[in-house]
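1. give me a 3D structure for the following:
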Amino acid sequence: MADAILILNAGSSSLKFAVFAADDPPQPLLRGQIDGLSNGPCFRAVDTAGTLIDEQSWGSGSRLHHSGAVGFVFDWMRAGALSSTRVVAVGHRVVHGGDRFDQPVLIDERVLAQLEEMIPLAPLHQPHGLAAIEEVSRSARGVPQVACFDTAFHRTQPAVAQAVAIPRAYSQRGIRRYGFHGLSYEYIASTLPGIDRAAAAGRTNVAHLGNGASLCAMQAGRSVATTMGFSALDGLVMGTRCGSIDPGVILYLMQNKGLSASEVERILYEESGLLGVSGISSDMRELTASEDPRAREAIDLFVYRAAREMGSMAGALGGLDAVVFTGGIGENAPAIRGAICEASRWLSVTIDAAANSRGGPRISEPAARLNVWVVPTNEELVMARHTVALFKRRD
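-> Predicted coordinates for the structure are as follows:
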């Protein structure tokens, strides 16, 4: 039986998974996803060439919690294309590692208890990752599990970039800027030397734009600053999240409109962003296809905030040598990339319209002072690398 590594990425309403041969470096075998866990789940799996292997759906009104989705993946693997493989380790994306974890770790009862303590730091993300971990313990008893943290990549930031200007008594208890999307940024940092050696060694803004969105300022592949902070709410406009907001708005909603903390949390995490501004959808594809002026307003705000923060990240770097777009929007929405770059021309960001329409990988003008790239991210591969490394040296 061949040994395999299973990678699980539990989102708010989805479960992504990927299977790798347990080699060093790990070799991809297949990947898949279950979307719509809370209403009408749909399963889809493809091989390394993107060819469909299997798909299933549960129908509208059906629910499949994260634990049920993980159990389904294990049953599907054992009965299908991977029946001749043995899962020897499982790697998980865990959104928050707090100030305790700056690198991936093997999960034991102590680590699990510490991760549970961090649920208040990422209330809409952390519980799903923990549910996946607990289900693996039931479905594959005794198989080693590895936690890979979205916050860890940003621990290289200087102390001033992580600080929050509140009384020291609170900052000493863990209230600080953590940053997220670290696994995506780690992948870009690892692959950039093979794409643009000067950018990899220099000052690069990486834009991870998707339903969740952020920017990261990298100096020689290390995080210097990022737009997300204490929580995954901060920074850019996102699909349903507000991004940066005056704390006074929150106080006003609670003190003058009578909203509870849980009601404000729901608004900021689930009802704001592109969805809240447009009143139509959180999906950029639907908004760009819409003729409703509210859709245009949402897109314009998304672009404005991304371009404004592009300048902020360049300021943290003391200049700019390259820009990289990644994530669902960053990789697949040339109009959005083009608009952000047009608004960033003062930073010498200029692109070739035809190259941008093709999706790159290089979309900057041939004679541009700095290169602009489109690089598909691969968080699952990063997690597989860490999982294999920890699995092989666990004894």
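
2. am I right that Val19 sits in a helix?
-> No - Val19 sits outside any helix when classified using DSSP: H, G, I helix; E, B strand; the rest coil, being strand.

3. need the contact list for the residue lying closest to it once chain neighbours are set aside.
-> Spatial nearest neighbour of Val19, chain neighbours left out: Leu29 (4.5 Å); criterion: C-beta to C-beta, 6 or more residues apart in numbering. Just so you know, the C-beta spots here come from the backbone N, C-alpha and C atoms, and that holds for glycine as well. Shown in contact with Leu29 (C-beta atoms under 8 Å, 6 or more residues apart in numbering): Ala4, Val19, Phe20, Ala21, Asp47, Thr48, Leu82, Thr85.

4. in which helix or strand does Leu29 reside?
-> Element membership of Leu29 [criterion: DSSP states H and E] is strand 27-35.

5. so in that sheet, which strands flank that strand, and in what orientation?
-> strand 15-21 (antiparallel), strand 42-47 (antiparallel) (DSSP bridges).

6. which of those strands sits closest to Lys392?
-> Each of the strands paired with strand 27-35 was checked against Lys392 via C-beta to C-beta, and the shortest separation belongs to strand 15-21, namely 13.2 Å.

7. list the contacts of that closest one.
-> Under the contact criterion C-beta under 8 Å, 6+ apart, strand 15-21 has outside partners 2-9, 26-34, 37, 66, 69-70, 73, 77, 82, 85, 132, 380-381, 384, 388.

8. can you list the domains in this structure?
-> 2-156, 197-374 (automatic domain parsing).

9. in the protein, which residue sits furthest out from the middle?
-> In the chain, counting by C-alpha atoms, centre = their mean, Asn256 sits farthest out from the average C-alpha position, at 34.5 Å.

10. picking up where we left off before, give the rounded mean pLDDT of the strand holding Leu29.
-> Across strand 27-35, pLDDT averages out at 95.

11. stretch 131-138 too?
-> Per-residue pLDDT over stretch 131-138 has a mean of 94.

12. likewise stretch 279-291?
-> 97.

13. got the buried residues for it?
-> Within stretch 279-291, the residues that qualify as buried by neighbour count (16 or more other C-beta atoms under 10 Å) are Ser281, Ser282, Asp283, Met284, Leu287, Ser290.

14. repeat that for stretch 49-68.
-> Within stretch 49-68, the residues that count as buried by 16+ other C-beta under 10 Å are Trp58, Leu64, His66, Ser67, Gly68.

15. would you list those residues in a markdown table and tack on pLDDT, distance to Gly315 and secondary structure?
-> Listed next are the buried residues of stretch 49-68 as a markdown table, based on pLDDT from 0 to 100; distance: C-beta to C-beta, whole Å; DSSP: H, G, I helix; E, B strand; the rest coil:
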| residue | pLDDT | distance to Gly315 | secondary structure |
| --- | --- | --- | --- |
| Trp58 | 92 | 48 | coil |
| Leu64 | 87 | 45 | coil |
| His66 | 89 | 39 | helix |
| Ser67 | 89 | 44 | helix |
| Gly68 | 91 | 46 | helix |
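
16. which residues of the protein fall in strands?
-> Read by DSSP state E, the chain holds these strands, from start to end of the chain: 2-10, 15-21, 27-35, 42-47, 52-57, 85-94, 105-106, 145-149, 203-209, 213-219, 222-226, 322-326, 371-374.

17. where in this structure is pLDDT low?
-> Within the chain, the set of residues satisfying pLDDT under 70 comprises 395.

18. so which residue is smack in the middle of it?
-> Central residue of the chain (C-alpha atoms, centre = their mean): His181, 4.0 Å from the mean position.

19. what sits against that residue?
-> Asp150, His208, Gly212, Ser214, Cys216, Thr226, Met228, Gly327.

20. now the third one, nearest residue through space, not along the chain?
-> In space, Gly212 comes closest to Met238 once its chain neighbours are excluded; the distance is 5.5 Å by C-beta to C-beta, 6+ apart.

21. buried residues in the helix ranked longest in the chain?
-> The single longest helix within the chain, with elements called by DSSP state H, is helix 293-317. Buried positions in helix 293-317, judged by neighbour count with 16+ other C-beta under 10 Å: 295, 298-299, 301-303, 305-307, 309-310, 313-314, 316-317.

22. and those, which two are furthest apart?
-> Looking at the buried residues of helix 293-317 by C-beta to C-beta, the two members farthest from one another are Ala295 and Leu317, with 33.2 Å of separation.

23. which residues touch stretch 243-262?
-> Applying C-beta under 8 Å, 6+ apart, the set of residues contacting stretch 243-262 from outside is Ala213, Thr227, Leu233, Asp234, Gly235, Leu236, Val237, Val264, Ile267, Leu268, Gly273, Arg305.

24. out of those residues, which is nearest to Asp54?
-> Sorting these by how near they are to Asp54, with C-beta to C-beta, puts Ala213 at the top with 31.1 Å.

25. and the closest one, how many neighbours does it have?
-> Around Ala213 sit 29 other residues, with neighbours defined as other C-beta atoms under 10 Å.

26. swap in Met238?
-> Met238 is flanked by 26 other residues according to other C-beta under 10 Å.

27. next, find the distance separating it from Ser184.
-> 14 Å (C-beta to C-beta, to the nearest Å).

28. quick one: the helices in the stretch 101-250 of the chain?
-> Assignment of helices within the stretch 101-250 of the chain using DSSP state H, counting those that start in this stretch yields the ranges 109-117, 126-139, 159-162, 168-171, 182-191, 197-201, 247-255.

29. so which of the ones you listed is the most surrounded?
-> Most buried of the helices of the stretch 101-250 of the chain by mean neighbour count (mean count of other C-beta atoms under 10 Å) is helix 182-191; its value is a mean of 24.
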